[in-house]
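Asks: For reference, the sequence and a predicted model appear below.
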Amino acid sequence: MRSLSIIFFPFLLSGCITINGPVKNGSGTDQPSATATSAVTTTETTTTIGNRHPDEIFIAVTNFYTTKGLTPIIQNKDVGIIATSGDNLDIAGEYLDCDSAGKGQNMQESYRIVTQVWSSGEGTNVSIQVNGIYQLVTPDGNDKVKPTACKSSGAFESALLQILTPS
């Protein structure tokens with residue numbers, strides 16, 4: 001009986017022991033993995049444009065995407081959603097603010113832009129959401145830095161609203 005308890009004792013303890021190492025977040029400092037999980041925050045801009053039909057606004061938003069070199073992945077007029085995403089560094093650099101990203105390293109930025117258009121009774125609501133992430137790209141394919149959220153620089157939102165609400 002004693003020899004059986006000696007054999008099973010390490011297996012019983014294995015469920016109680018957890019080992020968590022540090023997680024790198026790209027800034028060069030190690031943090032415990034318990035605090036490494038954070039919610040991605042997104043900033044959404046919603047504006048009401050009076051005296052314009054949602055179909056007219058939808059067409060104007062689609063044309064704006066085209067003039068900015070963005071190809072809509074989702075374009076549904078019934079729902080009123082136009083969305084795109086990608087990893088073009090020029091576009092991500094223009095519309096995202098990744099202030100803690102290590103410049104000069106092999107950092108990869110990806111973006112996601114979603115615009116929703118719907119009727120508000122007296123006018124049209126336009127909701128714009130721009131966000132993305134950056135992460136380190138290594139030749140061996142090993143993730144050395146956890147992907148980190150980027151916030152919008154505000155350039156896309158202000159340019160689109162300027163087109164939709166001429167003075």
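Replies: Nice, I can see it. Residues are numbered from 1 along each chain as shown.

Asks: Now do the contacts for residue 132.
Replies: Residue 132 sits next to 92, 95-96, 98, 109-112, 149-150 when contact means CB atoms under 8 Å, 6 or more residues apart in numbering. To be clear about C-beta, it is placed using only N, CA and C from the backbone, and glycine gets the same treatment.

Asks: Any figure for the gap between it and residue 164?
Replies: 23 Å (CB to CB, to the nearest Å).

Asks: Pull out the buried members of the contacts of residue 132.
Replies: Neighbour counting with 16 or more other CB atoms under 10 Å marks 92, 95-96, 98, 109-112, 150 as buried within the contacts of residue 132.

Asks: So, low pLDDT: which residues of this structure?
Replies: 1-43, 100-105, 141-145, 167 (pLDDT under 70).

Asks: residue ranges of the helices in it, please?
Replies: Ranges of helices within the chain are 2-14, 54-67, 89-95, 155-164, based on DSSP state H.

Asks: Just tell me which of those helices ends up closest to residue 82.
Replies: Nearest to residue 82 among those is helix 54-67; the distance by CB to CB comes to 5.5 Å.

Asks: Give me the helices and strands touching that closest one, please.
Replies: Under the contact criterion of 3 or more CB pairs under 8 Å, 6 or more residues apart in numbering; DSSP states H and E, helix 54-67 touches strand 81-86, strand 107-119, strand 124-136, helix 155-164.

Asks: Let me have the ones you listed in TSV, extended by distance to residue 72.
Replies: Below are those laid out as TSV (distance: least, CB to CB, whole Å):
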stretch	distance to residue 72
strand 81-86	5
strand 107-119	9
strand 124-136	14
helix 155-164	13
